[in-house]
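# model this:
(3 chains)
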Amino acid sequence: MSQPRSSYAVGTGLFIVLGFAALAYLATQTSSVANVHQGDSYTIDAQFTNIGQLKERAPVKIAGVRVGQVQSIALTPGHDVADVKMSIDKRYDQIPQDSVATIFTSGLLGDQYVGIDYGTAKQVVAAGGTLARTKSTQPLEEMLGKFFGAGGVVDNVGGSYTVTADFTNVGTLSVGAPVKMAGVVIGSVQAVRVDPVKLNARVVLAIDKRYNQIPDDSAAAVFTSGLIGSQYVAIQPGGSPDALKNGDEMILTQSAMQLEDLIGKFLVNGSPGDKKDAGADKK
Amino acid sequence: MTDPVHAAPDDSTLVRIRGLTTVLGGKTIFDALDMDIARGKITSIMGPSGTGKTTLLKHITGQMRADAGTIVVDGKNVAALSRDQLYKLREGIGYLFQNSALLTDFDVFENVAFPLRQHTKLPEVLIRNLVLMKLQAVGLRGAARLLPNELSGGMMRRVALARAIVFDPKLILYDEPFVGLDPVALNQVLKLILTLNQTLGITSVVVSHELAAVQRIADRVMLLSNGKVVAQGDPKSIADDGSPWTRQFFGGEADGPIPFRYPAGDYATELGLAGVGK
Amino acid sequence: MSARLRKRNNAVLQSLAQIGACALFLLTLLAAIPRSFRYFRETSRQLWFVGAMSLTIIMVCGLFVGMVLMLQLYHVLSIFGGTSASGMVVALSVYRELGPVVTALLFAGRAGTAITAEIGLMRATDQISAMEMMAVDPIAYVATPRFLAGLIAMPLLCCVFCAMAIFGGHLVGVTWLGIDNGTFWANMTAVVDVRTDIVNGVLLKSLAFGAVVSLIAVFQGFTTPATSEGVAYATTRTVVASSIAILALDFVLTAFLM
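Numbers count the residues shown, from 1 in each chain, chains lettered A, B, ... in the order given. Predicted coordinates for the structure are as follows:
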């Protein structure tokens, strides 16, 4: 008790040092200091037709290594292209002029970033210069569409013919959805409307002229790609010698399955409700 | 004496109170109170509990503002002082609290040194010597490193006294200094008050209601009741002045001018008996 | 019916009066800052009481919060095969919400009540009046140093809390559940941002919480009736008012800062 002052002072000092040490630890060990590190850098421009979800301060990477960040995003006056200014670390000042700037997505659902692929030109892009060659972001829908073979959704160039099919339930089928046979896209849904007399859904399918050998007793079904994917119309070929012609109606249809019904069936092995609803057409 | 605010500090009166009026929570504590406290003397303010003796001390030190009236301490009108001036004035006033009010965080030495550390930049050696001198005066130099909770009530009051005199004040206000002390401690405190007054010439105001103790030290006694000074004089004669106030207070009668009952409405009405008899 | 209504109106008015008085008290506190510079020693002494003395509880609680958070996240994320992200989620949730809020709640319970009780007792035993009599301004000597100490201590305590939580998460995730050490840190450093997470999340929030908690604690201590019941009541009120203020302010700050 004789010298309380000095023990307070030491304890308080220790406390402050510990607090700041913890702060330094948080700031340096658990976060990327590079996120704020604004060392010497230079700015280059790139124009994109679509920047998707790219945000300011998004990383700029070369070969996957972070070399800078997006400084600003603005619409180029008078054009419908986005002007993206990127600040690049001074250490990486050897970027060839014909390099390609691409907007990538990290992973399937991650944030977007700008990736630069080196070109072969001798000249390097100068500070304030522009990367002329860019690849814009690819909307996920488009990418998935390509992936699942739904590219060129409404390919009417080659000409198509239309057939109709009636469903008691089309689920969430929408105009433009693909029509597939054997998993290959052969056309698209042109219209979905309610038949005023039969009170069911009448779907107009536009099918590519190349596929004019589809038997007229083929069945049309509304399917779902994957568990939570979008819906499409699948055509299962029948055995009739006659082919479908423009304006024909497909007799055999199978309506969309409601997820609730499916789960209900799965759980209680069928319930009275789904008989009149989902399975009616096919039977 | 018509304009006390501008009255020159005269030699014989240190504290002059004129027309002091205070109302607290609807109750009139002081009603145009006039009082003079003589310089260099021990003045005792007596009165029953609840007459505002402590409130009067707080008015003198400027801790509470009065509703009307003036208090002039050493030629300065307390109510008109700025904060800094008031603090300056308080440095010249010692105040002994009823419950000693030692700072519980500090030991005895630091408690006595506290005013010095706050208001001076004296070197540590000098502070040490000053504090030890004051502690020696109250006989507690050996207890310098004890904490307040290790002291008895009498010791705490003596430490508080040492703290009150550390700046050699002109005026010391004692708020109930004899309450809760055993006879030995009481005599020690009495002796200290007397010594301080006689050797240093410090003006002392002792608020108390213990006549026997007051009679042994006071030069002058004022009896306070119902917001006014109802009697004053020297301690030997005041009890014999024959007024009903002094007779009741010093004789210890239960009822008299100082009422036994707290003011209330009609008893019968409150019990619901009014009109029953008719 | 109308009596109950009047009672409720009274309660509302009283709360409003409390808030107003608290705000005015804050102005008094701030005005006293220049005067309390000479009591620098007192401020550092209070820093010891409210800061250093709260370290143990903060560190232990931080450790356990990090550990339990990691345990919970691991089990949820393992459903999606995303356990490698658990370190990052621990870091983000601790920096942005749990760190400042839990530290402030603990701080209110540990240091806030101590401040209220101490000041209340100082008033009950006339120590505050004694200071006034010794020409020492109690606001500058007692109130402002405690307020400033709380203001300084909270961000530091919060940093310690967060560091301990990360450590706890690492302990459970990497040492016990077998998440890869490199993945743990890499995912965390990739996502945690110094400005939005550490400066805005940890530092700014805890600074605001520290100000609010120590203001409420000092205010309650200075305004409660100077009796033992008054002190007990004020201590409870410090915890209740601080907790409400912390959570409400947290929402406002999150809405503004994020």
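# buried residues in the helix or strand bottoming out on mean pLDDT in chain B?
Among the helical and strand segments of chain B, the one scoring lowest on mean pLDDT, DSSP states H and E is helix B:244-251, with a mean of 74. By neighbour count, and taking 16 or more other Cβ atoms under 10 Å in any protein chain shown as the criterion, the buried residues in helix B:244-251 are B:245-250. Every C-beta, even on glycine, is put in place using the N, C-alpha and C of the backbone.
# one more: stretch B:115-131?
Under 16+ other Cβ under 10 Å, the buried positions of stretch B:115-131 are B:115-116, B:118, B:127, B:130-131.
# what's the neighbour count on C:Phe222?
Neighbourhood size, C:Phe222 [other Cβ atoms under 10 Å in any protein chain shown]: 22.
# for chain C, what lies in contact range of chain A?
By the criterion of Cβ under 8 Å from any Cβ of the partner chain, the positions of chain C lying close to chain A are C:41, C:44-45, C:47-48, C:51-52, C:55, C:91, C:95, C:153, C:155-157, C:159-160, C:162-163, C:166, C:185, C:188-190, C:192-195, C:197-198, C:202-203.
# just those residues: which are in helices?
Residues of those located in helices (DSSP state H): C:41, C:44-45, C:47-48, C:55, C:91, C:153, C:155-157, C:159-160, C:162-163, C:166, C:185, C:188-190.
# if any of the residues you listed are buried, put those into a PyMOL selection.
Only the buried members of those end up in this PyMOL selection, burial being decided by 16+ other Cβ under 10 Å:
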select buried, chain C and resi 44+45+47+48+55+91+153+155+156+157+159+160+162+163+166+185+188+189+190
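# figure out how far the helix or strand hosting B:Val15 is from the centre of its chain.
Here B:Val15 is covered by strand B:13-24, with elements defined by DSSP states H and E. For strand B:13-24, the separation from the chain centroid amounts to 14 Å (computed by Cα atoms, centre = their mean, to the nearest Å).
# avg pLDDT for it?
This predicted structure assigns strand B:13-24 an average pLDDT of 87.
# which non-adjacent residue is nearest the closest residue to chain A within the stretch 1-150 of chain C?
Scanning the stretch 1-150 of chain C for the residue nearest chain A gives C:Ala52, at 3.8 Å (criterion: Cβ to the nearest Cβ). Counting by Cβ to Cβ, 6 or more residues apart in numbering or on different chains, A:Phe15 is the residue found nearest to C:Ala52 once chain neighbours are left out, at 3.8 Å.
# quick one, what contacts residue 54?
Answering for chain A, as no chain was given. Contacts of A:Leu54 were listed using Cβ atoms under 8 Å, 6 or more residues apart in numbering or on different chains, and they are A:48, A:70, A:73, A:84, A:103, A:112-114, A:137.
# not what I meant, chain C
For C:Ser54, the residues meeting the contact criterion (Cβ under 8 Å, 6+ apart) are C:106-107, C:110-111, C:153, C:157.
# now do B:Gly227
Going by Cβ under 8 Å, 6+ apart, the list of residues near B:Gly227 reads B:21, B:28-33, B:51-52.
# repeat that for B:Leu146.
B:107-108.
# quick one: secondary structure of it?
With DSSP: H, G, I helix; E, B strand; the rest coil as the basis, B:Leu146 sits in coil.
# got phi/psi on the closest residue to A:Tyr161 other than its chain neighbours?
Closest residue to A:Tyr161 apart from its sequence neighbours, by Cβ to Cβ, 6+ apart: A:Asn246 at 3.8 Å. Dihedral pair for A:Asn246: phi -50, psi 130, per degrees, to the nearest 10.
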